[in-house]
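Kindly generate the corresponding structure for this input.
(one chain, ligands or ions: 2)
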Amino acid sequence: MPFIVFEGLDGSGKSSLMSAFERELQSKGLKTIRTREPGGTPLGDEIREMILRRDGPAPTPRTELLLYEASRAQHVDQVIRPHLEKNDWVLCDRFSASSVAFQAGGRAISEDWVEKLNDFATDGLKPELTVLLDLSVGESRRRRNNRESQGGEKEDRIESEADSFHERVRQAFLRQAQQDPKHWLVLNAGATPEELLKQLNEHVRSLKWLGF
Ligand SMILES: Nc1ncnc2c1ncn2[C@@H]1O[C@H](COP(=O)(O)OP(=O)(O)O)[C@@H](O)[C@H]1O
Ligand SMILES: [Mg+2]
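Ligands and ions are numbered 1, 2, ... in the order given. You can find the predicted model right below:
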């Protein structure tokens, strides 16, 4: 059941690497699904809008955590598990580790609570591999600004948080990776897209998953 999650600050290159890796899988004739959090289902997309919009009432930190978890539960039940049961490769942009990074690290909610709610929302489902695209806060902001000035995604409510918030998020991602090296791959997101794809390919090859 190849379930791979991509994590990192916004602008770290998750979408770019996911597209390139998905093409790689498809060229090997493997069936893939690419999805994201919050969102990934029609209800989840509505919750995403509630969390990320900048022109509506902002949730408090506990509410925000519960909204992410609600979106996640729907996503696991309706999309992720059904695809894993068919042996499709599931590539997911953010998952439980983002709640630990943003809600525990960024918002200072207790990590115990975040983990309990993650377990409840995922019904115990864990990715086999989490790829962390590690990038400095300054570089991540530069890339987001570039993307926005080229007509790409606009800054959302979470992205507009202070650099100190994003620095705590970055450190919380790195801590999780250090605590579970068997299930994490940390890549220096400052590398070129070609180099990142090569490193990911090599790592997945070393895992010897069926079909890769
Ligand atoms: N390895 C890379 N080196 C330099 N720029 C990159 C790299 N990967 C992505 N980018 C650029 O950085 C911006 C953010 O990338 P994106 O894939 O949208 O990140 P994310 O999905 O993590 O927010 C985009 O403009 C993208 O073209
Ligand atoms: Mg993206």
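
Write out the residues of the protein neighbouring ligand 1.
8, 10-16, 143, 146-147, 191-193, 196 (C-beta under 6 Å from any ligand atom). Using the backbone N, CA and C atoms, a C-beta is placed for each residue, glycine as well.

Of the residues you listed, keep whichever come out buried.
Neighbour-count burial (16 or more other C-beta atoms under 10 Å) applied to those gives 8, 10-16, 143, 147, 196.

Next step: those restricted to strands.
Among those, the members found in strands (DSSP state E) are Gly8.

In TSV, list the buried ones among the residues of the chain next to ligand 1 along with pLDDT.
Shown next, in TSV, are those (pLDDT from 0 to 100):
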residue	pLDDT
Gly8	98
Asp10	95
Gly11	95
Ser12	97
Gly13	97
Lys14	98
Ser15	97
Ser16	97
Arg143	95
Arg147	92
Leu196	98
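
Out of the buried ones among the residues of the chain next to ligand 1, the closest to Arg48 would be?
Asp10 (13.6 Å; C-beta to C-beta).

Tell me the confidence at Gly211?
Gly211 is assigned 88 on the pLDDT scale.

my guess is it contacts Lys28, does it?
Yes: contact criterion C-beta atoms under 8 Å: Gly211 and Lys28 qualify, at 6.3 Å.

circling back: inside helices: which ones of the residues of the chain next to ligand 1?
14-16, 143, 146-147, 193, 196 (DSSP state H).

what's the longest helix seen in the chain packed up against?
Longest helix in the chain, counting residues (DSSP H): helix 163-179. Contacts defined by 3 or more C-beta pairs under 8 Å, 6 or more residues apart in numbering; DSSP states H and E place helix 163-179 against strand 129-134, helix 137-149, strand 184-188.

Mind doing that once more with 6 Å?
Here helix 163-179 touches helix 137-149, going by 3 or more C-beta pairs under 6 Å, 6 or more residues apart in numbering; DSSP states H and E.

And for the helix it packs on, what's in contact with it?
9-12, 154, 163, 166-167 (C-beta atoms under 6 Å, 6 or more residues apart in numbering).

what does the protein put close to ligand 2?
Residues of the chain lying close to ligand 2 by C-beta under 5 Å from the ion are 14-15.

Check the chain and tell me which residue is nearest its centre.
Arg94 (1.5 Å; C-alpha atoms, centre = their mean).

Pretty sure that one sits against Pro38.
No: contact criterion C-beta atoms under 6 Å: Arg94 and Pro38 do not qualify, at 7.8 Å.

sorry, back to before: for ligand 2, state which of the ones in helices among the residues of the chain next to ligand 1 is nearest.
Closest approach between those and ligand 2, by C-beta to the ion: Ser15, at 3.3 Å.

Leaving out sequence neighbours, find the closest residue to the closest one.
Distances taken as C-beta to C-beta, 6 or more residues apart in numbering place Asp93 nearest to Ser15, at 6.7 Å, with adjacent residues excluded.
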